[in-house]
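# Curious how this folds, go ahead:
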Amino acid sequence: MKIALLFSMLFILTGCSLTTSTEIENAEEIFTHFDCKNIDNEQLSHSPLTAFHERTLAVSKDRALKYIQDYKSGEITDIPIENFIQEQYITYKSACELLGGVTLHPTHPTK
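Prediction:
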């Protein structure tokens, strides 16, 4: 009886770690899409709005990276990692487009 319980606990723990590993891999794949191209800084008007969008680019990318690192270390589990990284990517992509740049990936890079 104890052996069956031990094997079932091992199976459950292995399944959880595989799921977490897949989630992290998917999140890291989304993170590779955080790349804004074709922004011509010399032609941008340096207004408060432009500064806001430039800051949004940096902050959303930094948040995504920190969340991945914290998730790997077990510090964060309250929001599914893929959802959080996807939300940050949408914010990043929007700021990129508003600055006249383009991301070379679809809106939902995992789909």
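# Specify which residues of this structure, grouped into ranges, have pLDDT under the cut-off.
Low-confidence segments of the chain (pLDDT under 70): 1-19, 41-43, 105-111.
# hmm, 90 instead?
Along the chain, segments meeting pLDDT under 90 span 1-21, 38-47, 50, 74-79, 100-111.
# Centroid-nearest residue for it?
When the chain is reduced to its mean C-alpha position, the closest residue under CA atoms, centre = their mean turns out to be residue 85, at 2.5 Å.
# give me the element that residue is part of.
helix 81-98 (DSSP states H and E).
# Point out the other helices and strands that that helix packs with.
helix 2-31, helix 48-72 (3 or more CB pairs under 8 Å, 6 or more residues apart in numbering; DSSP states H and E). C-beta here means a position set from N, CA and C on the backbone, and glycine is covered the same way.
# and the last one, what does it pack onto?
Translated: helix 48-72. Taking 3+ CB pairs under 8 Å, 6+ apart as the contact cut, helix 48-72 packs with helix 2-31, helix 81-98.
# how big is the angle separating the last one from helix 48-72?
This means helix 81-98. 160 degrees (axes from the mean of the first three to the mean of the last three CA atoms, to 10 degrees).
# tell me which residues of helix 81-98 are tucked away?
81-82, 84-86, 88-89, 91-96 (16 or more other CB atoms under 10 Å).
# got it, and stretch 30-49?
For stretch 30-49, by 16+ other CB under 10 Å, it's 30-31, 33-34, 36, 39.
# And stretch 61-80, by the same measure?
Applying 16+ other CB under 10 Å to stretch 61-80 flags 61, 63-64, 67-68, 71 as buried.
# What helix or strand is residue 104 located in?
Residue 104 is part of no helix or strand when elements are defined by DSSP H and E.
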